[in-house]
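> Here is the input, now give the coordinates:
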Amino acid sequence: MDYNSLWPEGKGMPLPRPALADALSQVEDMGPFIVVGFIALMIVVGVLGYISAQKRREAMVALAARLGLRFAPAKDWDLARRYSFLDKLRAGSNRYAFNTLTGTYQGHEVALFDYHYETHSSNSKGHRQTHHHYFSCFLLHLPMSFPELVIAKEGFLSRIAQAVGYDDIDFESHEFSRRFCVRSPDKKFAYDVCHARMMEYLLANDDLTIEIEGDVLAITFSSRLDPERIEPNLNRLVALRGLMPEYLFSGR
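All right, here's what the predicted structure looks like:
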């Protein structure tokens, strides 16, 4: 089509081809500004992330002082290895704890920390991409060792079912069995822990993922907790320990 015949020069709409060329030229001219703007945005995001991390650490320092716990902000790969028998701490690679609080709380030895691990994938062009995952974990040491027991909502257990290798355990409470997966190689131990009062507590606190193995009782979350949520969840960890029957600690 002859666009000049539709819109004679100097009348009506501007000629489209020169307009397109001008637009492309303007985009090319803006290229350096787009790059500079992107770099500036990344710097701002980095600075805001740093400020947020510093505020979090300051809040955790204050919390540790108030609770009488020790605080260590540095990355701790050894702690991740020490507790790697827990399912949630076994995922991915480059696993480490940080922002760690340890000590005695309400008569129990505890450790709570932020946790990091990496997973990898490839995009459509075959380029390897690294994904960083973060969450919070709370541990309480028990005076005796026990077989593995995992209590969680269905979503979590479905991802580890094959690795665990044993079936979901059902209970008399149909509501509890519907909302939770309970897995253990020792069904008697699972029934001992999941008595009526424990099931009632878990139904009211169904955001918890609980693991017991060896001398550790752990609760984990899907993301890092805000500092103001740490003490309430530490109290929930202690409450779970209190709901474990005392006869379990007398030789069973």
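
> just the strands in the chain please.
70-72, 93-105, 108-122, 128-153, 180-183, 209-220 (DSSP state E).

> count of neighbours near residue 211?
23 (other C-beta atoms under 10 Å). Using the backbone N, CA and C atoms, a C-beta is placed for each residue, glycine as well.

> State the distance from the nearest residue to residue 83 once chain neighbours are set aside to residue 203.
Leaving out its chain neighbours, the residue that sits closest to residue 83 by C-beta to C-beta, 6 or more residues apart in numbering is residue 89, at 5.2 Å. Applying C-beta to C-beta, to the nearest Å, the value for residue 89 to residue 203 is 26 Å.

> For those two, work out which one has more neighbours and name it.
Taking other C-beta under 10 Å, residue 89 and residue 203 do not tie; residue 89 has more neighbours (23 against 13).

> Let me see the contact set for the more buried one.
For residue 89, the contact set (C-beta atoms under 8 Å, 6 or more residues apart in numbering) comprises 80, 83, 95, 115, 137, 220.

> ok, so of those residues, who is nearest residue 150?
Among these, residue 220 lies closest to residue 150 (C-beta to C-beta), at 10.4 Å.

> what's the weakest-modelled helix or strand in the chain?
Ranked by mean pLDDT, DSSP states H and E, the weakest helix or strand in the chain is helix 3-6, scoring a mean of 49.

> hmm, back to that, mind checking pLDDT for the residue nearest to residue 83?
Predicted confidence (pLDDT) for residue 89: 90.

> Tell me how far it lies from residue 66.
27 Å.

> and if you look at residue 141?
From residue 141 over to residue 66 (counting by C-beta to C-beta), the distance is 22 Å.

> the more surrounded of the two?
Shown here are residue 141 and residue 66; by other C-beta under 10 Å, residue 141 has more neighbours (14 against 9).

> Pull the contacting residues for the more buried one.
108-110, 215-217.

> So residue 146 is in contact with residue 190, correct?
No. Residue 146 is beyond contact range of residue 190, at 10.4 Å (criterion: C-beta atoms under 8 Å).

> Check the contact lists of the two and give me the overlap.
Counting by C-beta under 8 Å, 6+ apart, residue 146 and residue 190 have no common neighbour.

> picking that back up, now list the buried members of the contacts of residue 141.
Buried members of these, scored by 16 or more other C-beta atoms under 10 Å, are 108, 110, 216-217.

> tell me the two of the residues you listed that are most distant?
Checking those with C-beta to C-beta, the most distant pair is 108 and 216, at 11.5 Å.

> Identify the contacts common to the two.
If you check residue 108 and residue 216 against C-beta under 8 Å, 6+ apart, the residues they both contact are 140-141.

> low pLDDT regions in the protein?
Scanning the chain with the threshold set as pLDDT under 70 gives 1-53, 155-166, 251-252.

> let's go with 50 and repeat that
The model of the chain has pLDDT under 50 over residues 1, 3, 6-7, 10-11, 13, 15, 157, 159, 162.

> Show me it divided up by domain.
Split into domains by automatic domain parsing, the chain comes to 11-67, 70-249.

> Would you mind finding the most buried of those?
Among the domains of the chain, domain 70-249 has the highest mean neighbour count (mean count of other C-beta atoms under 10 Å), at a mean of 16.

> quick one on the thing from earlier: would you list the buried ones among the contacts of residue 141 in TSV and tack on distance to residue 209?
Output for those, formatted as TSV (distance: C-beta to C-beta, whole Å):
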residue	distance to residue 209
108	19
110	17
216	14
217	12
